[in-house]
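Asker: Build the 3D model from these lines:
(one chain, ligands or ions: 2)
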Amino acid sequence: MARIFCVANQKGGVGKTTTCVNLAAALHEAGQRTLLIDLDPQGNATMGSGVEKRSLGHSVYHALVGIAAFEEVRVASPTGGFDLLPANRDLAGAEVELVELDRRETRLRDLLAPYRDDYDFILIDCPPSLSLLTLNGLCTAHGVIIPMQCEYYALEGLTDLVNSIKKVHAKLNRDLKIIGLLRVMYDPRMTLQQQVSTQLEGHFGDKVFKAIVPRNVRLAEAPSHGIPGVLFDRSAKGAQAYMAFAQEMIERVKAL
Ligand code: ADP
Ligand code: MG
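Answerer: Ligands and ions are numbered 1, 2, ... in the order given. Okay, here's the model as predicted:
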């Protein structure tokens, strides 16, 4: 039975998509059956997985509103090897349409239910908001992975997300927990980042992943080639950090 993880943070540009694509590719490399779901109308996870978002027959939007079946939407990432439910701008409309539908918060959960035995890991790339799409992600997942930069205001920004997670846990999904905080775009030369990183460890303890993803230009270049960073340049520091993170996730799910 798949363990399902949402990668969420209501801020944009904090490394959610980079984390999803690289974790999916690294888990696939490690022999884990992995499905990545792009739940962001920007379709960055789709493009980063080597799938052209502009020429999709069906996207996750069609599956969520019930126009297409799961199998009609699922594709394999040609560069990463993992399975993908791709997205594009169509998904922006889903937000409005979902409101009218039955069981609107659990559309994604219902959609995935028959396929959970086909995977070891299912990862969900959430949009930078606490919208109905993110809510669908949170209602489906066992856990949330929160990527964050070690900035002064990073902790403050977490409050809304943590409150949403608490609400979903109480009302809609008793399985949901925060699996961990992942430090990304880390620059060890910056004293402030070191301090915030240490504060995070003090405050959240074991919830902070040991792997730290450094700021690394190879990770930023990879999406324009449609290749996950971990495969684009395996020797790069960023790639190695995401490989280590994948191993940590594999260990962590054993304890769940
Ligand atoms: P989000 O999905 O949260 O909006 P992204 O994963 O798209 O964030 O990352 C935002 C930008 O930062 C992208 O251009 C991405 O390539 C870049 N980026 C992400 N992680 C790193 C990193 N560790 N080092 C350098 N650039 C990064
Ligand atoms: Mg993104």
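
Asker: OK, contacts around Ala45?
Answerer: For Ala45, the contact set (Cβ atoms under 8 Å, 6 or more residues apart in numbering) comprises 17, 20-21, 36, 38, 84, 87, 125. The way it works is simple: take the backbone N, C-alpha and C, and place the C-beta from them, glycine included.

Asker: Name the helix or strand for the one residue in the chain that gets nearest to ligand 2, please.
Answerer: Closest residue of the chain to ligand 2, Cβ to the ion: Thr17 (3.3 Å). Assigned by DSSP states H and E, Thr17 belongs to helix 16-29.

Asker: can that helix be found next to ligand 1?
Answerer: Yes. Using Cβ under 6 Å from any ligand atom, we find that helix 16-29 touches ligand 1 at 16-18.

Asker: so who does Leu181 touch?
Answerer: Taking Cβ under 8 Å, 6+ apart as the test, what Leu181 contacts is 146-148, 200, 204, 207-209.

Asker: So it belongs to a strand, correct?
Answerer: Yes. Assessed with DSSP: H, G, I helix; E, B strand; the rest coil, Leu181 lies in a strand.

Asker: What's opposite it in the beta bridge?
Answerer: Beta-bridge pairing for Leu181 (DSSP bridges): Ile146, Val208.

Asker: how much space is there between it and Ala236?
Answerer: Note on Leu181: its distance to Ala236, by Cβ to Cβ, to the nearest Å, is 23 Å.

Asker: that older thread, quick check on the contacts of Leu181: which are buried?
Answerer: Among those, those classed as buried by 16 or more other Cβ atoms under 10 Å are 146-148, 200, 208-209.

Asker: and Leu256, how many neighbours?
Answerer: By other Cβ atoms under 10 Å, 10 other residues sit near Leu256.

Asker: typed the wrong thing, it's Glu95
Answerer: 15.

Asker: Mind telling me what element it is part of?
Answerer: Assigned by DSSP H and E, Glu95 belongs to helix 90-100.

Asker: Mind giving me the packing neighbours of that helix?
Answerer: Contacts defined by 3 or more Cβ pairs under 8 Å, 6 or more residues apart in numbering; DSSP states H and E place helix 90-100 against helix 60-64, helix 132-140.

Asker: pLDDT on the first one, on average?
Answerer: Looking back up the chat, that one is helix 60-64. For helix 60-64, the mean per-residue pLDDT is 96.

Asker: before we move on, what about the last one?
Answerer: When pLDDT is averaged along helix 132-140, the result is 95.

Asker: Distance from it to the middle of the chain?
Answerer: From the chain centre to the centre of helix 132-140 is a distance of 12 Å (Cα atoms, centre = their mean, to the nearest Å).

Asker: Same check on stretch 163-182?
Answerer: Distance, stretch centre to chain centre, for stretch 163-182: 15 Å (Cα atoms, centre = their mean).

Asker: and if you look at stretch 47-67?
Answerer: The answer for stretch 47-67 is 16 Å, by Cα atoms, centre = their mean.
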